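# What follows is a predicted structure for the sequence shown.
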Amino acid sequence: MNLNIPRSRRHGLVAQLGKASILLVVSLFIVCLGCLMFLVFLWGASENNHFWRTIVLAGWTARSITITSLVLRWATAAQAVTCTSMLAAILLQTGAVPLPAAASVSIIRVNNPGPWFLLGKMKTHWHRGSLLVGLLATLLTLTTLSLQFTSTVLLSQVGIAPIPVESSNLQTHYGIMTDGDTYRYMPERAPSFLDMTPARYPAFAEWNINNTDPHTTDNELPFPPNTSSNMVDTGTVLRAFLPINDDKKRNQVTEYHGWATVVDARVVCMRPNITNVVLSSDNGYTLTGLANIPQQPKGVIQQETQQGGRNFSASFSCNFYVATGGNYPGPDWPLSLCRASYHNSRQGIYSFMQSRLDKVLGDTYIILNATSSEAVGNLENYGLWDTVTVSDPGIRSIFFEITMCMSTFQAQRLEIDATRPISSLSEPTLVWNAPVGRWDTRAVLRQLGVATSKESTAERGLFDLAPRPWHWSIQPDYIDLTGDAKETVDGLSRLEDTPLYAGMVSDAQFSIFRDAAMSKNNPALALQAFFTRLCSICYYDRISMFDAVGPSREVAMVQVTRPLGWTAFIIVVVVVVAHLVWVIIITVIFRRSGTLSSIENVWASISQLLGPVTDDWIKDADTVDDKEVELSLKQRGLDKVLVGITRVENRVYLLSKEE
């Protein structure tokens, strides 16, 4: 029966590949480029990109990479199948195929699992004119199989890392309202915070005159730091406590914009003239006397009595314990701290945040360093300390070093802007050093600015407090009785009646004070650090009582899953680009190889097997397997015959080719 099938007159790529294959190859090429662009976006987009942040914060990074990799694997595998069909067509038309493999290669033009199938059928029987096809099939196999591990490779460089995330809170509890119920029902006498061993050391924001131009604060006049032979002045240092009680959350915050309580932490210590010294041991050791300052620090104010009295001597009565062993300066200073008092006339320094002409003065303190005379040895006479040796009948001689300090610890709530770098240190902890039997305070002292070298706020794990006008807009009549003070400096209220020396207060807190004084022989920094810690303890102890509410804005570092390196991404991009290059090369070669062979035409692939080299035996292969056919061809000496398709007259069929 003759079906009279007309001969195809179509030529060109459409006739060779078919519309479906062309559409598949082109669309999958675009899909591959789209996948690469999306991966470039995931790896290279700015952290501020809204779409990128949406993906990352929703936890879709790994899933997006997995889905993209799946699409990429499917697209490249489908392209590889079509390219394998083209390679088989090129091999039959321009190359040469061993006769036993001709049927398989011809069918590959219609259906195949991938380029490795063509390599498996051809094995090592590549004609020298077919080496290019074999090379392309090998390269295509490598890229296709490599891309099956795309997700594994990409996810190997995906991990947990922080990104800044901004959030707003309209209901931030930031303080105790002076006219609110919380303030009204608070006990008049605050409990002592001196016996507490703090478990945390929250970071605060700091501004000082060294870090900024004073003229950026509306020409207010903060006091500069000063160090001389007999005086040390920390200068104006403002420290703001942030209303963020959760330790983990606060550690993640890099920016805070909103209300906070700011404390002026300036401290000046100077060498006094000590007179009228009396030592008693009726109820423990007590030293009383008068202290005068021969040199006045900047900002000191002397307030006379109404009768014009100008006796500015500060009286003190300090309890202490005596060091009886070791040479001074030894590994442990027997320090004692007490508040001095004035009678009628008064002097002191003031916070530069005050806006009234009549200033509210800060307190004056005496620091003692007491050592029994037999333990003194060759003791240096430091410039900040006046030295006194006291002995009474029945009491051993005791050597004292005494310094006098003035502070400006006053508080004000302000709207602030506090920032710190992402890489800032985490909050420190106080660690007990069992072998030496004392607290390791180095990390805490570093945070508080008491270190062997000058460090920035970022190096200390703190926030930078942005300059702003610091003066009270309306200064209250009684600064020490505001909610601002109740939150912070009220923690210093028990210093007046509490013996402050080792064994009488929390050893952890006293260690901070003692070690700060010892580390740099700077009692001003030591007192500043100790008072800052007391204010911080008070603030975070009462933060759950805050009833002043207002808006705030924070930027916090949130841990997300995100790409961490470029190596895996570059590897995948190189392999994908190489794969697409192979696709283009194979398509071009297929187009130029002629029109005798096409793909997706199963009947043509079968019909072209019929020719002079197969007519004698192909009908006998109807009921046998491929191995038997190959064995039969080998017995006839036809297994080495190389064939390819050729047009003869109006037919295209297999003919043998010369090696």
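Sure thing, it's come through.

# For the stretch 501-650 of the chain, just list every one of the helices.
507-520, 523-542, 567-592, 602-607, 626-636 (DSSP state H, counting those that start in this stretch).

# and the longest one, what other elements does it pack with?
Applying 3 or more Cβ pairs under 8 Å, 6 or more residues apart in numbering; DSSP states H and E, one finds that helix 567-592 contacts helix 13-17, helix 19-44, helix 61-94, helix 131-146, helix 150-155. (Each C-beta comes from the backbone N, C-alpha and C, glycine too.)

# now the fourth one
Contact partners of helix 602-607 among helices and strands, from 3+ Cβ pairs under 8 Å, 6+ apart: helix 99-108.

# before we move on, back to that, out of the helices of the stretch 501-650 of the chain, which is closest to Trp60?
helix 567-592 (17.5 Å; Cβ to Cβ).

# And that closest one, how far out from the chain middle?
The chain centroid and the centroid of helix 567-592 are separated by 38 Å under Cα atoms, centre = their mean, to the nearest Å.

# swap in stretch 134-149?
Counting by Cα atoms, centre = their mean, stretch 134-149 comes out at 40 Å from the chain centroid.

# okay, that stretch in PDB with CA atoms only?
Taking C-alpha atoms only, stretch 134-149 is exported to PDB below (Å, rounded to 0.1, in the frame of the first residue of the first chain):
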ATOM      1  CA  GLY A 134      31.000  14.400  21.900                       C
ATOM      2  CA  LEU A 135      32.700  17.400  23.600                       C
ATOM      3  CA  LEU A 136      29.500  19.400  23.600                       C
ATOM      4  CA  ALA A 137      27.600  16.400  25.000                       C
ATOM      5  CA  THR A 138      30.200  16.000  27.700                       C
ATOM      6  CA  LEU A 139      30.100  19.700  28.700                       C
ATOM      7  CA  LEU A 140      26.300  19.700  28.600                       C
ATOM      8  CA  THR A 141      26.200  16.600  30.900                       C
ATOM      9  CA  LEU A 142      28.600  18.300  33.400                       C
ATOM     10  CA  THR A 143      26.600  21.500  33.600                       C
ATOM     11  CA  THR A 144      23.200  19.700  33.700                       C
ATOM     12  CA  LEU A 145      24.200  17.300  36.500                       C
ATOM     13  CA  SER A 146      26.100  20.100  38.400                       C
ATOM     14  CA  LEU A 147      23.000  22.200  38.400                       C
ATOM     15  CA  GLN A 148      21.000  19.500  40.200                       C
ATOM     16  CA  PHE A 149      23.000  20.500  43.300                       C
END
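
# Quick one: mean pLDDT over that stretch.
For stretch 134-149, mean pLDDT is 94.

# With stretch 156-170 instead?
93.

# Could you chop this protein up by domain?
Domains of the chain are assigned by automatic domain parsing as 13-157+565-600, 163-561.

# how long is the last one end to end?
Yep, that's domain 163-561 we're talking about. This stretch, domain 163-561, spans 10 Å end to end (Cα to Cα, to the nearest Å).

# sorry, back to before: right, so of the helices and strands packed on helix 567-592, which gets closest to Val558?
Among the helices and strands packed on helix 567-592, the nearest to Val558 by Cβ to Cβ is helix 61-94 (12.9 Å).

# Just the buried residues of that closest one, please?
61, 64-66, 68-69, 71-73, 75-94 (16 or more other Cβ atoms under 10 Å).

# and stretch 352-369, which residues are buried?
Those would be 352-354, 359-369, for stretch 352-369 by 16+ other Cβ under 10 Å.

# just to revisit the earlier point, make JSON lines from the domains of the chain and add distance to Arg651 to it.
Shown next, in JSON lines, are the domains of the chain (distance: least, Cβ to Cβ, whole Å):
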{"stretch": "domain 13-157+565-600", "distance to Arg651": "10"}
{"stretch": "domain 163-561", "distance to Arg651": "62"}
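
# worst average pLDDT in these?
Among the domains of the chain, domain 163-561 scores lowest, with a mean of 86.

# okay, the angle between the longest strand seen in the chain and helix 61-94?
Ranked by number of residues, the top strand in the chain under DSSP state E is strand 158-175. Taking axes from the mean of the first three to the mean of the last three Cα atoms, to 10 degrees, one finds strand 158-175 and helix 61-94 inclined to each other by 160 degrees.

# buried ones in strand 158-175?
Val158, Ile163, Pro164, Val165, Thr172, His173, Tyr174, Gly175.

# Could you tell me which residues within whichever helix or strand comes after that strand count as buried?
Toward the C-terminal end, the helix or strand that comes next after strand 158-175 (DSSP states H and E) is helix 181-185. Going by neighbour count (16+ other Cβ under 10 Å), the buried part of helix 181-185 is Thr182, Tyr183.

# was I right about Leu170 contacting Pro551?
Yes. With contact defined as Cβ atoms under 8 Å, Leu170 counts as touching Pro551 (5.0 Å).

# can you give me how far stretch 107-117 is from the chain middle?
With Cα atoms, centre = their mean, you get 51 Å for stretch 107-117.

# Oh, that last question was meant for stretch 53-63, not what I typed.
18 Å.

# Now do the end-to-end distance for that stretch.
Stretch 53-63: ends 15 Å apart by Cα to Cα.

# Which positions within that stretch qualify as buried?
Of all the residues in stretch 53-63, those buried under the rule 16+ other Cβ under 10 Å are Arg53, Ile55, Val56, Thr61.

# Contacts only, for Thr275.
Neighbour list for Thr275: Gly289, Leu290, Asn292, Ser313 [criterion: Cβ atoms under 8 Å, 6 or more residues apart in numbering].

# okay, the residues you listed in a markdown table with secondary structure next?
Conversion of these to a markdown table gives the following (DSSP: H, G, I helix; E, B strand; the rest coil):
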| residue | secondary structure |
| --- | --- |
| Gly289 | strand |
| Leu290 | strand |
| Asn292 | strand |
| Ser313 | coil |
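
# Which one of these is nearest to Glu459?
Distances from Glu459 to these, taken by Cβ to Cβ, are shortest for Asn292, at 39.3 Å.

# thought that closest one was touching Phe312?
Yes. Assessed by Cβ under 8 Å, Asn292 is found in contact with Phe312 at 7.0 Å.

# Looking at these two, which is more packed in?
Neighbours were counted for Asn292 and for Phe312 using other Cβ atoms under 10 Å; Phe312 has more, 20 against 14.

# Quick one: residues contacting that one.
Going by Cβ under 8 Å, 6+ apart, the list of residues near Phe312 reads Asn292, Gln302, Tyr342, Ser345, Arg346, Gln347.

# What's the separation between the fifth one and Arg420?
What it means is Arg346. Distance from Arg346 to Arg420, counting by Cβ to Cβ, to the nearest Å: 39 Å.

# Who has more neighbours out of these two?
With neighbours defined as other Cβ under 10 Å, Arg346 and Arg420 compare such that Arg420 has more, 21 against 16.

# Brilliant, that's me finished.
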